[in-house]
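Novice: sequence unknown, structure follows:
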């Protein structure tokens, strides 16, 4: 479909969002990512039955941890869509980018570099 | 590899005999060579001609050089010469040199053993039905057009808009049975079987798509949601989503010229005229065999019925009147996707059985060289950056990306290619792997979804383990979406390549475990479905053990007399039992009960206890088919069991066979007994036709007998509708009742007294009946014990669950396990037969191989560090991890692991690893991406 979405989005491929680990998400923030989001199948349509529900739980957990260390919890999000929804994917990418821009850069980035 | 696609072609004639046909084809020109075309789309982007997009139902435009839709197979373009002006632009633009203006019509022949005719149908064209205003009023669309409107790849990109003014509709009406159940206006007396369900679906999706409220109304005569779990879907639409269902056949549609809204006039159930205004009207058009399809069938001398569907035998549903030629899908009769997919497998089963001897002889063999051992070597990565014609190279600075890749750690070779997927580049990659001792390969090109398998094969072909491969998607994820910002795209391409190179360095050799397949099959259940499955497997040449718990084969069909078409069930059953019992590949075990089970796909072992035999019998088998069947519900309602004048349909047909209809002045039938109620929500699918069948039988035996059918919706789907029509013509009286006001049945000396509220009269009617017949629904056989032993999942109604409702309707979720007959859900004998043949066909795909390669992407437990907390055992969606009590370790059987990684990420000690997606293999990508951020 070649739909435009912001170039700051880079995708890491996983077999299922159920494979996502809290440590993966935290690592991204530690290394300076401004935002991370997980895109899984629509709820109830996980190819592996329930992986996306587990992912959502982990995202929620990371959100809590971020807030605990003084970052905005909403830097991490979970989105759900089906593989046929290109326009929705692009819309979410834009939404997430705009949202992260409004939050500003990840403060960890400066502190680790300093 | 075993399928040759011959596109743009038509069958002219077929000569020869089964096993040795010669098919004459006309190959129409495509003007673009599908082998050379890479699907990049440059031709279409430069084509100056606008043509009507037939795929989107003429709701938008496309180019004269086009591909129908993004998922088309093969992914190659073609030229529509009706609109092409021959300007030559596409030829100039095509770097792959795929354009062939001089392409011409050719003729060719194919030699084949069997033929399957699956030419399908189209939606009914409602232009001729003037009262609907289609073609006259822009906001009246067909359901096919509405599907495209709802689609993300449709004319409005998935935004729900009406065609006239592109406004979001506030209300939509669906009109059912347009081109179906209508012998008067269009000659299609049959029910199209699918429209009720798709109307419900469209109404629900439409509600999801709008931003505010949307009023959805489905005008119908009967709601026919008769498939497995369909009733629940219908109820969800009605009760939860607020879709309104009105029983009416719409009289006329009139447009309000100022607004484009549509006034619908209809008579309600009491006969009162009503009027409602809608923003849009969707005509639920039926399925219809196209004239050219009918002509083809006639050319091949295949007998068609009056509606041009293949005239098939109830006991041989996918066979045609021509031996060796089979059929499936809507050409066979109106049906939905699960039915079509099932029949497709059934047709493949019969087509294959005939050629069983020759199986495998025509398949090209691929020689794979011995694998190089790279375990102790440092990573030596080769990076191949693809231009994809100008798809990538036109945006991304490919030489720059190549130069950048050279600077990355472990990279020892880089190259750029015009098309990395082309055969000559594949050969070049092989050459370079050997020349530079590459032990990891990164291709920066397109999507792994379409090309990963191919590149992995390339690695394998020169002795490199195929899991030492990684792709960077710099086309779909980069050049295509950032085409207006070349610099941004080039930077992102470098990022993606850096991530891929980092991951490549962490990749480890993985081996797909090869397990031999036991070539014997087990079929559980000796009814019509089980026997057909066994027979089909036997005919394919595989030894089959058929288990039956009773002492005799036949199952529920032993209680049946005739199908609605008049076919003799007992005569068929006798032939079937004889065929199965006399088959040299089939062993029948009656009085059998499953007591033990172990193993996995290709290697199962089932323990069986047999009546009167002390010793248990162990059966080794590679696959098994579940065909445990269903029976008739024993009603608790309507004085059944208290008054012997109340009986079930099955008992009524017994009585009609034995005593005829003598002495019967009046018979009342009550539908949906034990179906579509709180206790059992689902529709039992077969009872409406059963009632019609018995009603017609009574009328035939004694035309004076009054027959009343009290129903909620008559669900005589497909060609069964003709019998419903015939029953009405014969004077059978159908009275609809509301689910909230069921009939009342009382015993009296003069007969049974049945009271029901007639909708048209709007008052209670009392009918005196000699017999009250209850259309008792179906109930799954009790399979509690067996499903526990064999770990098979059932739904709340006790029917077994298929792997995927539409795509894998006869597979069960575990590999090597298949399902057919009423064990899957209520169905007719005809449907059970095609399902059994389908299950056998799917089983054959396993049994035909000597061994299977298991996926190498599986979870492995580091037993030394595992604390046996059993979290994985609880979390696995497929119940794969098990605690081995003897060894005291957690075991994950890689033969049944699906590779989702849930256990790996949930393991609190991180002792489970998912190969190919190990933590370091994910983390290094994150690190590589972010290390260079801002630099």
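Specialist: Perfect, thanks for sending it. Bear in mind that the values here come from a model prediction, so they are computed numbers and not experimental data. Numbering: from 1, shown residues only, chains lettered A, B, ... in the order given.
Novice: Which of the residues in the one helix or strand in chain B whose mean pLDDT sits lowest are classified as buried?
Specialist: The weakest-scoring helix or strand in chain B, judged by mean pLDDT, DSSP states H and E, is strand B:851-853 (a mean of 89). For strand B:851-853, burial by neighbour count (16 or more other Cβ atoms under 10 Å in any protein chain shown) applies to residue B:852. For every residue, glycine as well, the C-beta is placed using N, CA and C.
Novice: helices or strands up against that strand?
Specialist: Contacts defined by 3 or more Cβ pairs under 8 Å, 6 or more residues apart in numbering or on different chains; DSSP states H and E place strand B:851-853 against strand B:514-516.
Novice: Please report how far residue B:694 lies from residue B:81.
Specialist: Distance of residue B:694 to residue B:81, computed by Cβ to Cβ, to the nearest Å: 57 Å.
Novice: quick one, which of these two is more surrounded?
Specialist: When residue B:694 and residue B:81 are compared for neighbours, residue B:694 comes out ahead with 26 against 15, by other Cβ atoms under 10 Å in any protein chain shown.
Novice: could you give me the average pLDDT of the host helix or strand of that one?
Specialist: Under the criterion of DSSP states H and E, residue B:694 resides in helix B:687-701. Taken as a whole, helix B:687-701 has a mean pLDDT of 97.
Novice: In contact with the residue in chain A positioned nearest to chain B, which residues?
Specialist: Residue of chain A nearest chain B, by Cβ to the nearest Cβ: residue A:19 (3.2 Å). Neighbouring residues of residue A:19 by Cβ atoms under 8 Å, 6 or more residues apart in numbering or on different chains: A:51, B:900, B:901, B:902, B:904, B:905, B:914, B:917.
Novice: since we're on the nearest residue to it once chain neighbours are set aside, how many residues are nearby?
Specialist: Nearest in space to residue A:19, with sequence neighbours left out and distances taken as Cβ to Cβ, 6 or more residues apart in numbering or on different chains, is residue B:901 at 3.2 Å. Neighbour count for residue B:901, taken as other Cβ under 10 Å: 30.
Novice: related to what we said a few turns ago, just checking, what packs against the helix holding residue B:694?
Specialist: helix B:649-659, strand B:666-673, strand B:706-711, helix B:721-729, strand B:771-776.
Novice: right, and these - which one's nearest chain A?
Specialist: Across the helices and strands packed on helix B:687-701, closest to chain A is strand B:666-673 (Cβ to the nearest Cβ), at 28.6 Å.
Novice: Report the mean confidence score over that closest one.
Specialist: In the prediction, strand B:666-673 has an average pLDDT of 98.
Novice: Tell me the strands beside it, with direction?
Specialist: The pairing partners recorded for strand B:666-673 under DSSP bridges are strand B:706-711 (parallel), strand B:771-776 (parallel).
Novice: Confirm for me that residue B:9 is in contact with residue B:29.
Specialist: No: taking contacts as Cβ atoms under 8 Å, residue B:9 lies outside contact range of residue B:29: 10.8 Å.
Novice: So residue B:720 sits against residue B:689, correct?
Specialist: Yes: under the criterion of Cβ under 8 Å, residue B:720 makes contact with residue B:689 at 4.7 Å.
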